[in-house]
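J.: sequence below, structure please.
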Amino acid sequence: MTKSLDANWFTEVYDSHASAFSLKVTEKLLDVRSPYQHLEVYATETYGNLMVLDGCVMLTDRDNFLYHEMMAHPALFTHSDPKRVVIIGGGDCGTLREVLKHPGVEHVTQIDIDEEVTKAAKRFFPALTESNDDSRAELLFADGVKWVDEAEETSIDVMIIDSTDPVGPAEGLFKTDFLKRCHRILKEGGVIVQQSESPLYHSGSIIRDLRQGMQEAGFSSVATLPFPQPVYPSGWWSATLAGKECDVTRFREADASASDLAFDYYTADAHRGALVLPPFMRRLLD
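T.: Coordinates of the predicted model:
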């Protein structure tokens, strides 16, 4: 939810943890109600443009690279040779752009239910959509769960679940039943990654339950990678990976270290460090 402390500030209040995050805004650029959610875009003083869905901060110009890089590159460098990638959600197209930096990737299908998000990204976050016309990219505006149900068995190398919080349209994407469907369409050696909320606020609830759901769905290994994300609740976020007959606690370190891809946050060292969870998380996840 949001609460305006002042007309010049956008504030997201996180009631369950009695905390809030604010940005000073200079102008509202967009206010649209799609069939699925309420979409707003603001200009801010120090974080560039800000996208908000149903009152929750989605991204800003200043720090979105943290999320997009950690949703894409750990999974892609964990897989032995990723060629076919699916993104469920991700309508701002930043994760798509990161995936397409990998020359070995042959095809990426992105399925987001709300086309208004992509339209807004094209207008107000054009750097994120710069790879949308790549011949390897396929953008669909449809129900991601239905798409997974209709996909061919063992046809995908990497799945990226780039969803909003586990409420409303995204709630089903965190369920064990959906994860079983994802397991079905992944090839042996396949990797799935799901955004998994705040390590500080959700290790003993959402993250723990997601990891358990992945294991119950048949995945042989699970790893949660925390990373900084200033504009999200607590300023700390995570991506949880699972492997289908693949050890996601290991990755192609030599390839990641030697990569000449354009990164702003991701490195082999950052990936290696993120795999080492702090003691409080290990206690809560046991």
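J.: quickly list what the most centrally placed residue in the chain is bridged to.
T.: Centroid-nearest residue in the chain, with CA atoms, centre = their mean: Asp162, separated by 3.4 Å. Legend: beta-bridge partners of Asp162 under DSSP bridges are Gly89.
J.: tell me who's in contact with it.
T.: Contacts of Asp162 were listed using CB atoms under 8 Å, 6 or more residues apart in numbering, and they are Met71, Ile87, Ile88, Gly89, Gly90, Thr95, Gln195. In this view, the C-beta of every residue, glycine as well, is placed from N, C-alpha and C.
J.: so where's the stretch 151-286 of the chain shaky on pLDDT?
T.: Across the stretch 151-286 of the chain, the ranges flagged by pLDDT under 70 are 164-174.
J.: where do the helices sit along it?
T.: 176-185, 199-202, 208-216, 253-258, 268-274, 279-285 (DSSP state H, counting those that start in this stretch).
J.: please apply the same query to the stretch 1-150 of the chain.
T.: Using DSSP H, counting those that start in this stretch, helices in the stretch 1-150 of the chain cover 64-78, 94-99, 115-124, 144-150.
J.: of the contacts of Asp162, just the buried ones, PyMOL syntax please.
T.: To isolate the buried members of the contacts of Asp162 in PyMOL, using 16 or more other CB atoms under 10 Å:
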select buried, resi 71+87+88+89+90+95+195
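J.: got the contacts of Asp162 as a markdown table, with distance to Val231 columns?
T.: Shown next, in a markdown table, are those (distance: CB to CB, whole Å):
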| residue | distance to Val231 |
| --- | --- |
| Met71 | 15 |
| Ile87 | 21 |
| Ile88 | 22 |
| Gly89 | 18 |
| Gly90 | 17 |
| Thr95 | 16 |
| Gln195 | 14 |
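J.: that older thread, in a markdown table: the helices of the stretch 151-286 of the chain, plus distance to Gly243 and mean neighbour count.
T.: A markdown table is the format used below for these (distance: least, CB to CB, whole Å; neighbours: other CB atoms under 10 Å):
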| stretch | distance to Gly243 | mean neighbour count |
| --- | --- | --- |
| helix 176-185 | 10 | 18 |
| helix 199-202 | 21 | 20 |
| helix 208-216 | 9 | 19 |
| helix 253-258 | 16 | 13 |
| helix 268-274 | 15 | 16 |
| helix 279-285 | 17 | 13 |
